[in-house]
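Student: fold the following, please.
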Amino acid sequence: MPNDVRYEETGCRSALNRVHGMGFKWSLNPYRGCVHGCHYCFARRYNSYVDPDPGNDFSGLVFVKTNVVNVLREELSLHSWVSETVAIGTATDPYQPIEGKYRLTRGCLEALAERHTPVRIVTKGTMIFRDVDILADMAKRAGASVCFSITTMDHDLWKELEPGTPPPMQRLHVMEQLVKAGVSAGVLLAPVIPGMTDDQESLQAVVEAAAAHGASFLRAQILHLKPGTKEHFMGYLEQEHPRLYHAYQQLYPAEFAPKQFQQDIRERVADLKDAYGLREREHNDMGLAVRERQLELAAV
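Tutor: Numbers count the residues shown, from 1 in each chain. Prediction:
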């Protein structure tokens, strides 16, 4: 992650983005670009649409959609709006540090709450606890759930892979507080990174910590490398993990790892969820399980 981050205020013509084939129809991102600097981030490919470098430019330049709340209110006021679920954080983290200044995510939540619109949020940011009041209220009314993305509990590996993010344990503490406040909050174990976080000890550490902190659910997603992300991640491996770089050339000739490889990881995570009682929690709310699976797919 670069030492200096440049923030550029910009406007947007639309706040809600139409989504197809994801189980929900709308997404919302108050920012573009992200200071977290996660090497594996799938959203790097979106940055490559407007800038040829999905590497440092992604974490060194963040666009702030200063009019997004007003535009959202206008869209929600249309007679055609029927309060369908809106996914927040599908292309950038809505609770990266600059949110403390602009409060755009907070403003969007207030607008959505007024129209009784359910929300699903994906974040690594602990700042979300600031909005526990509105999220708890939305959970009672239209519905609100939060996925905390966690890749590893290993401190050194966390710092290497996600240099600009809050520590995983801090995210879990915030998740626990949201659950206690009545918000459906859980863990998106994502991505599971072959050769780095896919060993049994690493997977167990995340599942065990999620269960210990009261997670309402847990989903796992295996690393995928689409154009824009793949170039950056392979460059990172070549420099920092040359042994893995050569292995990835075989494992990822396309965007996804082999199906059997993915299935093996999913089965191991499922066994761990059973062992720590997370599957039982999800079964207590099957509707929740479906909704969180839909949100997981948004990150594919």
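Student: what packs against the longest strand anywhere in the chain?
Tutor: Identified as the longest strand of the chain according to DSSP state E is strand 184-192. Counting contacts by 3 or more C-beta pairs under 8 Å, 6 or more residues apart in numbering; DSSP states H and E, strand 184-192 packs against strand 144-150, helix 168-180, helix 200-212, strand 218-222, helix 259-275, helix 286-298. Where C-beta positions appear, they are placed from N, C-alpha and C, glycine not excepted.
Student: of all those, which lies closest to residue 18?
Tutor: Closest approach to residue 18 among those (C-beta to C-beta): helix 286-298, 12.9 Å.
Student: looking at this, residue 253 is in a helix?
Tutor: No: read with DSSP: H, G, I helix; E, B strand; the rest coil, residue 253 is coil and lies in no helix.
Student: contact partners for it?
Tutor: By C-beta atoms under 8 Å, 6 or more residues apart in numbering, residue 253 lies in contact with nothing.
Student: do I have it right that residue 15 meets residue 71?
Tutor: Yes: Residue 15 lies in contact with residue 71 (C-beta atoms under 8 Å); the separation is 4.4 Å.
Student: comparing these two, which residue is more hemmed in?
Tutor: residue 15 (25 against 18; other C-beta atoms under 10 Å).
Student: give me every residue that touches the more buried one.
Tutor: For residue 15, the contacting residues are 28, 65, 68-69, 71-72, 75, 108, by C-beta under 8 Å, 6+ apart.
Student: look up phi and psi at it.
Tutor: Main-chain torsions, residue 15, degrees, to the nearest 10: phi -100, psi -40.
Student: residues near the residue lying closest to residue 268 once chain neighbours are set aside, how many?
Tutor: The spatial neighbour of residue 268 that comes closest, neighbours along the chain excluded (C-beta to C-beta, 6 or more residues apart in numbering), is residue 203 at 6.1 Å. For residue 203, the neighbour count with other C-beta under 10 Å is 20.
Student: ok, residue 202 next?
Tutor: Using other C-beta under 10 Å, residue 202 has 19 other residues around it.
Student: nearest residue to it other than its sequence neighbours?
Tutor: Counting by C-beta to C-beta, 6+ apart, the residue nearest residue 202 is residue 152, at 5.9 Å.
Student: ok, residue 127 next?
Tutor: Nearest non-adjacent residue to residue 127, counting by C-beta to C-beta, 6+ apart: residue 95, 4.4 Å away.
Student: ok but that neighbour is inside a strand, no?
Tutor: No: according to three-state DSSP, residue 95 belongs to no strand; its state is coil.
Student: which residues touch it?
Tutor: 89, 105, 123-128.
Student: which one of these is nearest residue 275?
Tutor: The closest of these to residue 275 turns out to be residue 124 (C-beta to C-beta; 25.6 Å).
Student: just to revisit the earlier point, just the pLDDT at the residue nearest to residue 127, thanks.
Tutor: pLDDT, residue 95: 98.
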